[in-house]
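Enquirer: Quick one: sequence plus predicted model below, questions after.
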Amino acid sequence: MENNKIKIEFLSYSENEYIARGFVSVFASTFNPSVSWLSDVKTAVSEGVTNCIVHAYPNEIGKIILELEVNNNYLHINIYDFGVGIDNVNKAIEPFYTSKPNEERSGMGFTIMQSFMDDVKIESALNKGTSIFMCKKLLNSVEE
């Protein structure tokens, strides 16, 4: 697969999570993924974008950037917000931890991303935002 890169910027409206899923689906269709591989990637993107919508901008609408890049037989997915940031990333990635216990949140967003992707890294700074970096190896027809 040749290198290819694309980027989209959108506001943190909940309905834009569906656009992000569609965006990654269309981009990934160019390298003929399996249904299960594509489902994993769309789920991880959905969780990442939803985290931005729910947690980064609790009292306002803000900007989210989604970048997709195929490089060295991997799909790299970067999701950026410029919101409140995460106070303690190590705590936030623990299964069942949620910063919104009064809402119906499972606290499994980062765990789901980690389970569906080959690698996930999170960087965050208070009042500057959070960056999620994920990658998943592309499958060839023999591996499917």
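Expert: Sure, I can see it.

Enquirer: Ala56 and Val26: what is the separation?
Expert: 25 Å (C-beta to C-beta, to the nearest Å). Bear in mind the C-beta positions are built from the backbone N, C-alpha and C, glycine included.

Enquirer: oh sorry, the question was meant for Ser34
Expert: The span separating Ser34 from Val26 equals 16 Å under the rule C-beta to C-beta.

Enquirer: Ala56 and Val26: who's more crowded?
Expert: Between Ala56 and Val26, Ala56 has the larger neighbour count (other C-beta atoms under 10 Å), namely 22 against 11.

Enquirer: Can you report phi and psi for that one?
Expert: phi -70, psi -40 (degrees, to the nearest 10).

Enquirer: before we move on, what about Glu17?
Expert: The main-chain torsion angles of Glu17 are listed as degrees, to the nearest 10 and equal phi -60, psi -40.

Enquirer: If anything else comes up later, I'll come back, but that's it for now.
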